[in-house]
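Enquirer: any chance you could fold what I've pasted below:
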Amino acid sequence: MRLPSISGRRPVGANMTPMIDVVFLLIIFFLVSSHLSRQENSLPLNLPIADSSATADADASSLTVSVDGTSNWFVGGRRVNLDEIRDVFQDHARRDGADAKLRIRTDRDAEYQAVEPLLREAAKAGLTDAAISVHKISVHKISVHMEEGR
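Expert: Here you go, the predicted structure:
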């Protein structure tokens with residue numbers, strides 16, 4: 001069965017240009033955000049080993065500070081000192097308010113004296129939600145049951 005065509009009418013269709021624009025904007029957003037997240041983890045560290053850990057909240061905005069084995073601090077791949085870390089913490093607390101989170105990646109060879117000033121300055125700036133990244137190991141316990149022969 002053939003439908004009659006009405007001459008002079010334009011065919012019905014959707015304009016794809018706005019959707020393509022949105023897709024390109026999303027691609028650019030994810031490329032930039034993935035680049036920034038890779039920068040935070042670019043410093044190779046031997047994280048401390050823990051038997052258990054809690055998963056980090058991926059939705060929350062968190063600031064990552066890395067401490068290498070020689071007690072140097074890094075934010076976004078850039079080495080910072082105590083004065084700069086104060087400014088970074090205050091800016092982060094001001095920008096994100098109560099949702100501000102701090103993640104500390106520290107080399108297992110770093111001493112506590114390198115991490116303690118970070119925690120103190122974070123508390124002074126109002127960053128109370130701090131987490132320390134660890135490398136979780138899986139421990140499999142094997143139970144062996146021996147039965148006595150009768």
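Enquirer: ok, now which ones touch Phe74?
Expert: By CB atoms under 8 Å, 6 or more residues apart in numbering, the contact list for Phe74 reads 43, 65-68, 80. For glycine as for every other residue, the C-beta is placed from the backbone atoms N, C-alpha and C.
Enquirer: pLDDT and neighbour count for those - can I get that in CSV?
Expert: Shown next, in CSV, are those (pLDDT from 0 to 100; neighbours: other CB atoms under 10 Å):
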residue, pLDDT, neighbour count
Leu43, 61, 16
Val65, 88, 23
Ser66, 88, 24
Val67, 88, 22
Asp68, 86, 19
Val80, 91, 16
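Enquirer: looking at those residues, which is nearest Glu116?
Expert: Ranked by distance to Glu116 (CB to CB), those are led by Val67 at 10.6 Å.
Enquirer: surely the closest one and Ala110 touch.
Expert: Yes: contact criterion CB atoms under 8 Å: Val67 and Ala110 qualify, at 4.8 Å.
Enquirer: which parts of the chain are helices?
Expert: 17-40, 82-96, 112-125 (DSSP state H).
Enquirer: ranking the ones you listed by mean pLDDT, which is last?
Expert: Mean pLDDT is lowest for helix 17-40 among the helices of the chain, at a mean of 81.
Enquirer: residues in contact with that helix?
Expert: By CB under 8 Å, 6+ apart, the list of residues contacting helix 17-40 reads 64, 66, 76-77, 105.
Enquirer: show me what contacts Asp129?
Expert: 100-102.
Enquirer: recalculate using a threshold of 6 Å.
Expert: Residues in contact with Asp129, defined by CB atoms under 6 Å, 6 or more residues apart in numbering, are Lys101.
Enquirer: who's it bridged to?
Expert: On DSSP bridges, the residues paired with Asp129 through beta bridges are Lys101.
Enquirer: quick one: neighbours of the closest residue to Asn72 other than its chain neighbours, just the number.
Expert: Leaving aside its chain neighbours, Asn72 sits nearest to Arg79 (5.7 Å; criterion: CB to CB, 6 or more residues apart in numbering). A count of neighbours around Arg79, defined by other CB atoms under 10 Å, yields 12.
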